[in-house]
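Asker: Give me the fold of what follows.
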Amino acid sequence: MKMIHTADWHLCDRLGRLDRTTDLMQRVERVAAYCQEEAVDVLAIAGDLFFEDARPEEMADALNHVNRTFRPFFDRGGTILAVTGNHDRDQRIDLVRAGMALAAAPTATGSELQPGRMYLLNRCFYGTLRVAAGDRVQFVLVPYPFAHRYNLADKFQSREELNAQLQARVAEWVQSIPNRDRFDPTLPTVLIAHLHVSGAQIRTLYRITPRDDVVIEPGFLQGTWAYVALGHIHQPQHLPGTPAIRYSGPLDRLDFGEREDERGVWLVDIGPIGLRDEPRWLPLKPTPMLDLVIRDANDLTTAACHPERQAAIVRVTVTSSQLHRDEVTRSLRNTFPRLHEIHWAEDRPPVSGVQADHENLYSTADLAGTVRRYLERELPPGHPHRHDLLNLAEQFIAEELHRDPPAR
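Answerer: Next up, the predicted model:
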């Protein structure tokens, strides 16, 4: 069986006022082309199919696009298996699914999945699928662990206590699979899950702070899985020492924390006893994201000639107080159709004492951008500790931006 592993599509996503629908549709279409070019049997989507604020009508439009785009894939017996993530809202998923034949849920765990369609699961499930060649493969699907998905009552004193219970429930359910009815231990088995597994390299969790997340220990993944397709962490990778346990990352860059990240999908070939070969990376061309600094009129002229000015999503910091705001704004909007944000960091008279400390720590409009730009300047590509330090910085930024400033 050939499978493409993807995750975190975030269909209908927006970045501020910018609608990302066209970008994401183009990536979906390239994935569909890969499915045809590589004669793929299964497309796995490991959670976060939709942007969390997507309206039901937008979700329906997105699923209709998926249906049209993958029609040749479905017609030859291809199957899409998707689980819901932390950004997928169950009520909206159920509402859209009720009105469409495309994104169904199987009736019972242990049942045989019918090829040639899409399944979207917001409950734990296992079952088998017979691919075009006649071989059978078993799938275990685990959505993001919300309390209601695991029948946990709302009686916890803290988020940490709830997370601990969710972690235990996920591990218990997955580890019980081999002993359940209609589970066949002789078949190659694939786990598709939307989980934060400890030990994975984190650059960003896409608008989620680690303190709010359920972190699963990697030991619960140990078993006889032919492959583990993970979503939730946006860096493509495999867990240390485990080439069969991988994150794919999203189809595109979703915010400026991801502006340098590569994008693609994993092509996986599974035989009767597991992986036939090392998973192969199939690249996707991501949307360029530019972080520009305008110090004077010359920088403004240079920006107007940038080769990616039409396609890129752009964030600009203006540091000069000598430039006229209206003229700069007009010029930038004319130059960059996809201008996301202008940050004005004009020179101000120095302040002193406690007020200066508070200004420096808590009144900086772009703390995250300042930290990232400093590190990227001081840690050029090739620096032996660049990757680790940038990961640590992202964790610090996520915590700092969610901390209240001290009372003045």
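
Asker: contacts and neighbour counts: CA atoms only from here.
Answerer: OK.

Asker: so after the longest strand seen in the chain, what's the next helix or strand?
Answerer: Ordering each strand of the chain by length in residues (DSSP state E) puts strand 263-271 first. Using DSSP states H and E, the helix or strand that follows strand 263-271 in sequence is strand 274-275.

Asker: Disregarding flanking residues, what is the spatial nearest neighbour of E217?
Answerer: S198 (5.3 Å; CA to CA, 6 or more residues apart in numbering).

Asker: Quick one: residues contacting that neighbour.
Answerer: For S198, the contact set (CA atoms under 8 Å, 6 or more residues apart in numbering) comprises 215-218.

Asker: Out of these, name the ones that lie in strands.
Answerer: Going by DSSP E, the strands hold 215-216 from the contacts of S198.

Asker: Identify, from the contacts of S198, the entry nearest to R315.
Answerer: R315 lies nearest to V215 out of those, by CA to CA, at 32.2 Å.

Asker: How many neighbouring residues does the spatially closest residue to the closest one that is not a sequence neighbour have?
Answerer: Distances taken as CA to CA, 6+ apart put H196 closest to V215, at 5.1 Å, once the chain neighbours are dropped. Close neighbours of H196, defined as other CA atoms under 10 Å, add up to 22.

Asker: Now do the contacts for H196.
Answerer: 213-216, 231-233.

Asker: again, only this time at 10 Å
Answerer: By CA atoms under 10 Å, 6 or more residues apart in numbering, the contact list for H196 reads 144, 202, 205, 210, 213-218, 230-233, 247.

Asker: Turn the contacts of S198 into TSV, columns for distance to H148 and neighbour count.
Answerer: What follows is the contacts of S198, written out as TSV (distance: CA to CA, whole Å; neighbours: other CA atoms under 10 Å):
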residue	distance to H148	neighbour count
V215	18	17
I216	18	20
E217	21	14
P218	24	15
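
Asker: Out of the contacts of H196, who's the most crowded?
Answerer: Going by other CA under 10 Å, G231 tops those with 33 neighbours.

Asker: Could you tell me how far that one is located from L24?
Answerer: For G231, the distance to L24 equals 17 Å [CA to CA, to the nearest Å].

Asker: Quick check: buried residues in the helix or strand hosting E172?
Answerer: Assigned by DSSP H and E, E172 falls within helix 159-176. For helix 159-176, burial by neighbour count (16 or more other CA atoms under 10 Å) applies to 162-163, 165-167, 169-171, 174.

Asker: now, the most widely separated pair of these?
Answerer: It's L162 and V174 that sit farthest apart of the buried residues of helix 159-176, by CA to CA, at 18.5 Å.

Asker: before we move on, the earlier item: I'd like to know which elements the helix holding E172 is packed against.
Answerer: Packing partners of helix 159-176 (3 or more CA pairs under 10 Å, 6 or more residues apart in numbering; DSSP states H and E): strand 125-130, strand 136-142, strand 215-216.

Asker: Tell me the strands beside the longest one, with direction?
Answerer: Taking DSSP bridges as the criterion, strand 136-142 forms sheet pairs with strand 125-130 (antiparallel), strand 189-194 (parallel).

Asker: Worst mean pLDDT among those?
Answerer: Averaging pLDDT over each of those singles out strand 125-130 as the lowest, with a mean of 92.

Asker: Show me how the record splits the protein into domains.
Answerer: 2-284, 289-400 (automatic domain parsing).

Asker: Least confident of the ones you listed, on average?
Answerer: Across the domains of the chain, the lowest-scoring stretch is domain 289-400, with a mean of 74.

Asker: residues contacting L187?
Answerer: Here L187 is in contact with 128, 135-139, 225-226, 271-274 (criterion: CA under 10 Å, 6+ apart).

Asker: Now, of these, which are buried?
Answerer: 128, 136-139, 225-226, 271, 274.

Asker: quick one on the thing from earlier: and the contacts of L187, which two are the farthest apart?
Answerer: Farthest pair in these, by CA to CA: D135 and W225, 16.7 Å.
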